[in-house]
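Enquirer: Here you go, sequence then predicted model.
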Amino acid sequence: EETFPIWYSGEVILVIPSLETILYPDIENTKLLKKYSHLYTIKKNLKNAKKIVCFTESTQRELNEKLNISEEKIVTIAPFFPSSKEIKLTLDIKAKLGIQWDYFIYDYNYYSNNNLKRVLEAIKEIAKKREIYLVILGNKNANNREIRELILSLDMSKHIVFAGTPEGNELGSYYKESLGVIYPIIYDNFPMTLHHALNYNTPILASDNTETRNIFGESITYFSPISVSSMVKNITAFLDAGKKLPNYENVKNKYNISD
């Protein structure tokens with residue numbers, strides 16, 4: 001989804017996992033002229049590209065209907081999740097972070113569509129009955145002033161840990177030692193950012209949308225992305241059931257890079 005110079009005259013093929021950055025512009029960017037100039041450049045590049053490759057029919061339809069891109073220019077390919085090497089756990093994450101309780105992971109860097117406020121409100125409600133942490137990954141999230149102000153306004157500092165962007169085996173330890181990863185997005189796209197949870201065999205609690213359900217079926221826990229009460233109910237039910245390792249074999253077989 002990166003832009004290329006508008007004066008470039010060679011052929012370009014754009015790969016578009018989703019149109020999220022266009023349909024949901026970054027709210028952190030308060031310089032409207034700069035933001036709309038950037039969006040204008042992206043749209044111009046889409047029109048000038050030789051071909052556009054996308055992963056889902058919904059993205060193809062949005063390109064055609066919302067951005068007026070010719071169907072002949074769009075190619076939809078079967079998506080796949082990138083794989084990670086098998087890791088050995090060498091790090092005690094709770095000791096590293098100085099926390100006593102179990103934790104969920106939040107690992108999604110795009111703020112405009114991350115639905116984080118509802119997740120924080122749900123964790124706050126759940127924490128009234130059991131002690132629990134939300135570990136937020138990503139340097140962009142850690143440096144986001146709006147996220148930190150939101151946490152302070154909700155009086156959630158006690159239950160939130162910013163862990164930045166762990167590298168290598170350390171990232172795997174964060175996932176494997178967690179209760180699960182919470183993926184609460186509203187925009188329905190191919191959930192590329194769930195590949196860590198898939199590779200590290202971590203339970204997924206995600207928004208109940210068409211794309212995610214088509215991929216994961218009943219192997220994960222769902223909640224309504226627009227309802228805090230739904231999040232509280234279904235996350236609590238997940239906790240009450242006890243941690244169980246998920247079975248992603250069907251997902252891996254279908255969305256394997258070798259195919």
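Expert: Okay, I see it. Owing to the predicted nature of the structure, the values given are computational and were not obtained by experimental measurement.
Enquirer: Tell me where the model's unsure across the stretch 101-250 of the chain.
Expert: Residues of the stretch 101-250 of the chain that meet the criterion pLDDT under 70 lie in 110-114.
Enquirer: what about the strands in it?
Expert: 103-106, 133-137, 160-164, 180-183, 204-207, 221-223 (DSSP state E, counting those that start in this stretch).
Enquirer: out of those strands, nearest to E71?
Expert: strand 204-207 (28.4 Å; Cβ to Cβ). (Glycine included, C-beta is placed from N, CA and C.)
Enquirer: Which elements pack onto the closest one?
Expert: On a contact count with 3 or more Cβ pairs under 8 Å, 6 or more residues apart in numbering; DSSP states H and E, strand 204-207 meets strand 180-183, helix 210-216, strand 221-223, helix 228-241.
Enquirer: Need the winner for burial among those.
Expert: Among the helices and strands packed on strand 204-207, strand 180-183 has the highest mean neighbour count (mean count of other Cβ atoms under 10 Å), at a mean of 24.
Enquirer: thinking again about what came up before, and among the strands of the stretch 101-250 of the chain, the most buried is which?
Expert: Most buried among the strands of the stretch 101-250 of the chain, counting by mean count of other Cβ under 10 Å: strand 180-183, with a mean of 24.
Enquirer: Can you give the distance from that strand to the centre of its chain?
Expert: 9 Å (Cα atoms, centre = their mean, to the nearest Å).
Enquirer: Touching it from outside, list them.
Expert: Residues from elsewhere that reach strand 180-183 (Cβ atoms under 8 Å, 6 or more residues apart in numbering): 104-108, 119, 134, 175, 191, 193-194, 196-197, 202-207, 212, 221, 235, 238, 243.
Enquirer: same deal with stretch 76-83?
Expert: Here stretch 76-83 has contacts from 17, 53-57, 59-60, 190, 192, 194-195, 198-199, 251-252, 255-257, 259, using Cβ under 8 Å, 6+ apart.
Enquirer: Nearest to L152, out of the helices and strands packed on strand 204-207?
Expert: Among those, helix 228-241 sits nearest to L152 (Cβ to Cβ), with 18.7 Å.
Enquirer: A127 contacts S157, doesn't it?
Expert: No - counting by Cβ atoms under 8 Å, S157 is not a contact partner of A127; they are 11.9 Å apart.
Enquirer: which of these two has more neighbours?
Expert: Shown here are A127 and S157; by other Cβ atoms under 10 Å, A127 has more neighbours (16 against 10).
Enquirer: Of all the helix elements in this structure, which one is longest?
Expert: helix 32-48 (DSSP state H).
Enquirer: In the following helix or strand past it, which residues are buried?
Expert: Next in sequence after helix 32-48, counting helices and strands by DSSP states H and E, comes strand 51-54. For strand 51-54, burial by neighbour count (16 or more other Cβ atoms under 10 Å) applies to 52-54.
Enquirer: Export the residues you listed to CSV and append columns for pLDDT.
Expert: Listed next are the buried residues of strand 51-54 as CSV, based on pLDDT from 0 to 100:
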residue, pLDDT
I52, 93
V53, 93
C54, 92
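Enquirer: Save those residues as JSON lines, and put in distance to N141 too.
Expert: Listed next are the buried residues of strand 51-54 as JSON lines, based on distance: Cβ to Cβ, whole Å:
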{"residue": "I52", "distance to N141": "29"}
{"residue": "V53", "distance to N141": "28"}
{"residue": "C54", "distance to N141": "26"}
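Enquirer: just to revisit the earlier point, present the helices and strands packed on strand 204-207 as TSV; the columns should include distance to E170.
Expert: Converted to TSV, the helices and strands packed on strand 204-207 look like this (distance: least, Cβ to Cβ, whole Å):
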stretch	distance to E170
strand 180-183	16
helix 210-216	26
strand 221-223	26
helix 228-241	25
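Enquirer: With respect to I147, which of the ones you listed lies nearest?
Expert: Per Cβ to Cβ, nearest to I147 of the helices and strands packed on strand 204-207: strand 180-183, 14.5 Å.
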